[in-house]
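Enquirer: got a predicted structure plus its sequence, pasted below:
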Amino acid sequence: MDLTASPTTTPRATSAQARWVLLALAVGAFGIGTTEFSPMGLLPVIAEGVDVSIPTAGLLISAYAIGVMIGAPIMTLAFTRFGKRTALILLMSIFTIGNLMSAMSPGYFTLLAARLVTSLNHGAFFGLGAVVAASVVPKEKQASAVAAMFMGLTIANIGGVPAATWIGQQIGWRMAFTGTALIGVLAIAALWLVLPKGERGVMPDVRREFHVLTRPAVLLAMATTVMGAGAMFTLYTYVAPALETLTGASNSFVTLSLALIGVGFTIGNWLGGRLADWSLDSATKVFLGALTIIMFALPFLLNSHVGAAIGLLLWGGAAFAIVPPVQMRVMEAASEAPGLASSINVGAFNLGNAVGAAVGAAVISLNLGYAAIPVAGALLAAMGFGLVILTANSSKAQVI
């Protein structure tokens, strides 16, 4: 099934042109990853700066996630008419404006509004970006191309987020947002220079596209995304206190562990794209299975510093290796509306993030202990594995 066969397709690029396109998309993904995750490390600084408590400042992160879920379908449908090149540039313009608004916010509620504005580009950029990435390479390399774009997101966890956190702590959180806005300007320039113009977009048939998304195969694929992201964020949300409690980790070891997770994300993203080029369903099952096993093992591995380092590196790899295959599975299942499906699937990732954080919070509230958190995540990953099996069986039944 060719995801690029549509009236608004980006023209197939040469190998060299494709690399530049993927790099430009990765720059945008790097900026989005930086602005999404850096506030987590800056919450105390931001809370003091706008004179609110840390829990209240934490709502800035929740607002961003809500904005992603709401903005994904709305912005995709609104901007598709302009063509993918123009749409992606406009989306990064919203990103840049939102970060500048954050930097200039005089108080908490204006900062909250600015974070909502910033989040609106997120789902649509990754959704349309995934379609463009797949369109500039041969079919057998489409999953790797999508992974190349998401590589910017994983590298943000290694470089962009720590840099923004350091700037925010040393110079001020407003400068961190200003620096992130500059990444947006760089991404706009890169997209303008290297993206093929393609054909002008057309008004989407909203009813038809949403009807495509109601197919059982599409819904099951998106549910798999929610379970995979939920498994990841069950632990990721509480990894610092889990390390402090179970491993006796110092602040420096927690920082090292976060860096190792970022490295794992990057390796897993690359590996997930490679294996997904071979088989989407097999890749999804392999990595969800691996994630399940690793998370069941983590309560034992987290008892030592060496075990924690190895376990979290492997966990990060398995957790993010799921991303390219689940994204491609949704795009293929909804081939008549790949842009909208891809964007909403990014919203499904954020729903999974919320589910995972809630599951982890429930484990803590029930006094089950931090060792039970990765076990809860493993159960979500196992549920995702089951959904892939269910999808495959449903497809076979339809063929018969």
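Expert: Alright, I've got the coordinates.
Enquirer: any idea of the mean pLDDT for stretch 109-127?
Expert: The average pLDDT within stretch 109-127 is 91.
Enquirer: endpoints of it, how far apart?
Expert: End-to-end distance for stretch 109-127: 29 Å, by C-alpha to C-alpha, to the nearest Å.
Enquirer: what residues of that stretch count as buried?
Expert: By 16 or more other C-beta atoms under 10 Å, the buried positions in stretch 109-127 come out as 111-112, 114-127. Quick note: C-beta positions are derived from backbone N, CA and C, even for glycine.
Enquirer: and the closest residue to Thr245 other than its chain neighbours, how many neighbours?
Expert: With sequence-adjacent residues excluded and distances taken as C-beta to C-beta, 6 or more residues apart in numbering, Thr245 is closest to Tyr370, at 4.7 Å. Counted with other C-beta atoms under 10 Å, the neighbours of Tyr370 add up to 21.
Enquirer: tell me the spacing between Tyr370 and Trp192.
Expert: 47 Å (C-beta to C-beta, to the nearest Å).
Enquirer: please enumerate the helices of the stretch 1-150 of the chain.
Expert: Taking DSSP state H, counting those that start in this stretch as the criterion, the stretch 1-150 of the chain carries its helices at 15-49, 54-79, 84-104, 108-119, 122-135, 142-155.
Enquirer: ok, back up a step: contacting residues for the residue nearest to Thr245?
Expert: Tyr238, Pro241, Ala242, Thr245, Leu246, Ile364 (C-beta atoms under 8 Å, 6 or more residues apart in numbering).
Enquirer: put the buried members of those residues into a PyMOL selection.
Expert: Only the buried entries of these go into this PyMOL selection, using 16+ other C-beta under 10 Å:
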select buried, resi 238+242+246+364
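Enquirer: which among the helices of the stretch 1-150 of the chain is found nearest to Thr165?
Expert: Nearest of the helices of the stretch 1-150 of the chain to Thr165, taken as C-beta to C-beta: helix 15-49 at 3.8 Å.
Enquirer: buried residues, that closest one. List them.
Expert: So helix 15-49, judged by 16+ other C-beta under 10 Å, has buried residues 18-22, 24-39, 41-43, 45-47, 49.
Enquirer: how close does Ile158 get to Ser257?
Expert: 13 Å.
Enquirer: what is in contact with these two at once?
Expert: Overlap of the contact sets of Ile158 and Ser257 (by C-beta under 8 Å, 6+ apart) is empty.
Enquirer: okay, these two: which has more neighbours?
Expert: Between Ile158 and Ser257, Ser257 has the larger neighbour count (other C-beta under 10 Å), namely 24 against 18.
Enquirer: if I read this right, Ala381 contacts Gly228, doesn't it?
Expert: Yes. Counting by C-beta atoms under 8 Å, Gly228 is a contact partner of Ala381 at 6.8 Å.
Enquirer: those two: who's more crowded?
Expert: Using other C-beta under 10 Å, the more surrounded residue of Ala381 and Gly228 is Gly228, with 33 against 29.
Enquirer: now find how far off-centre the helix or strand containing that one is within its chain.
Expert: In this structure, Gly228 is located in helix 216-236 according to DSSP states H and E. Mean C-alpha position of helix 216-236 versus that of the full chain (C-alpha atoms, centre = their mean, to the nearest Å) differs by 12 Å.
Enquirer: name the helices or strands packed onto the helix or strand following it?
Expert: Per DSSP H and E, the first helix or strand lying C-terminal to helix 216-236 is helix 239-242. In terms of contacts (3 or more C-beta pairs under 8 Å, 6 or more residues apart in numbering; DSSP states H and E), helix 239-242 is packed against helix 251-278.
Enquirer: pLDDT on the helix it packs on, on average?
Expert: Mean per-residue pLDDT for helix 251-278: 86.
Enquirer: after that helix, which helix or strand is next? Please name it.
Expert: Downstream of helix 251-278, the next assigned helix or strand under DSSP H and E is helix 280-301.
Enquirer: in that following helix, which residues are buried?
Expert: 280, 283-292, 294-299, 301.
Enquirer: after that helix, which helix or strand is next?
Expert: Note on helix 280-301: by DSSP H and E, the next helix or strand toward the C-terminus is helix 305-321.
Enquirer: for that next one, packing partners?
Expert: Other elements packing on helix 305-321 under the criterion 3+ C-beta pairs under 8 Å, 6+ apart are helix 216-236, helix 251-278, helix 280-301.
Enquirer: so the first one versus helix 305-321, what angle?
Expert: To tie it back to what came earlier, the one meant is helix 216-236. 160 degrees (axes from the mean of the first three to the mean of the last three C-alpha atoms, to 10 degrees).
Enquirer: helices or strands next to helix 216-236 in the packing?
Expert: Under the contact criterion of 3+ C-beta pairs under 8 Å, 6+ apart, helix 216-236 touches helix 280-301, helix 305-321, helix 323-333, helix 338-365, helix 372-399.
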